[in-house]
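Engineer: okay, sequence plus prediction incoming.
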Amino acid sequence: MDSKKSTFQYISAETIQTINVIKRSIYLSMNGILAERLEEEGLHYKKNYGVIFIRLREIARQHQPNAQLSKLLWTSQEREQMIISTMLQPINETSKEEVYERMKLVQNPELAEQISFNLLRHLPYAEQLATELVDSNTPWYILTGLLLIPRICQQFTITQKNIFENKIQPFLNAENNIIKNAANNALLHLEETTI
């Protein structure tokens, strides 16, 4: 008998239908000029239809949060589906393991921004997550952590702000301009929220 864990996952007909509805909405909203511009800026995806964020949010609002649906959209590695996925992941069904599973596919600044804004900031362990991401050795994790800090720093104590300021300092001189800019922005927000 095979002792390997089965990777088969039942996908309901309703979930498949919802994915098809979302795909159709994306297709009907595509913007070739924006898609080309994003590609030129280095935002590479398996597919990119150039749909604007406001439209993606409208599409997401037409559907209920659903963990299986969100996971399937995320693993498509298609821009619009991945962004909508961050809007449809139920907060109460998002373990830290699930977050790190998703982080493996964050390969550009846009996704780091979207996952931090739409999903990570709402998690009850967002502060711990920001700490772990910034402390990692993976550039996309670090960027996501730096982007998360401004979104949650209003709830920090003075001590927590000081800890994060110390963590951010080394990135102010980063060779990677995206990380450097995110660090500057995070530090600015921390200073603005200090009373």
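Structural biologist: Now that the structure is in, tell me what you want to look at. Numbering: from 1, shown residues only.

Engineer: wait, doesn't L72 sit right on I11?
Structural biologist: Yes: checked against C-beta atoms under 8 Å, the pair L72 and I11 is within contact range at 7.1 Å. Heads up, the C-betas are built off the backbone N, CA and C, glycines and all.

Engineer: okay, those two: which has more neighbours?
Structural biologist: Each of L72 and I11 has its neighbours counted (other C-beta atoms under 10 Å); L72 has more, 19 against 12.

Engineer: for that one, what are its contacts?
Structural biologist: Applying C-beta atoms under 8 Å, 6 or more residues apart in numbering, we find L72 in contact with I11, T15, I19.

Engineer: may I ask which of these comes out lowest in pLDDT?
Structural biologist: Looking at the contacts of L72 by pLDDT, the weakest one is I11, with 85.

Engineer: am I right that it sits in a helix?
Structural biologist: No: per DSSP: H, G, I helix; E, B strand; the rest coil, I11 lies outside any helix segment and is coil.

Engineer: measure it to Q17 for me?
Structural biologist: 11 Å (C-beta to C-beta, to the nearest Å).

Engineer: same check on E80?
Structural biologist: E80 is 18 Å from Q17, by C-beta to C-beta.

Engineer: with neighbour numbers in mind, choose between those two.
Structural biologist: E80 (28 against 10).

Engineer: hang on, the more buried one packs against K46?
Structural biologist: No: in this structure E80 lies outside contact range of K46 using C-beta under 8 Å: 11.0 Å.

Engineer: still on that earlier bit, rebuild the contacts of L72 as JSON lines, extending it with distance to Q62.
Structural biologist: Shown next, in JSON lines, are the contacts of L72 (distance: C-beta to C-beta, whole Å):
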{"residue": "I11", "distance to Q62": "20"}
{"residue": "T15", "distance to Q62": "15"}
{"residue": "I19", "distance to Q62": "13"}
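
Engineer: from those residues, pick the one nearest A35.
Structural biologist: Of all these, A35 sits closest to I19, with 20.4 Å by C-beta to C-beta.

Engineer: thought that closest one was touching K71?
Structural biologist: No: under the criterion of C-beta under 8 Å, I19 makes no contact with K71, lying 11.1 Å away.
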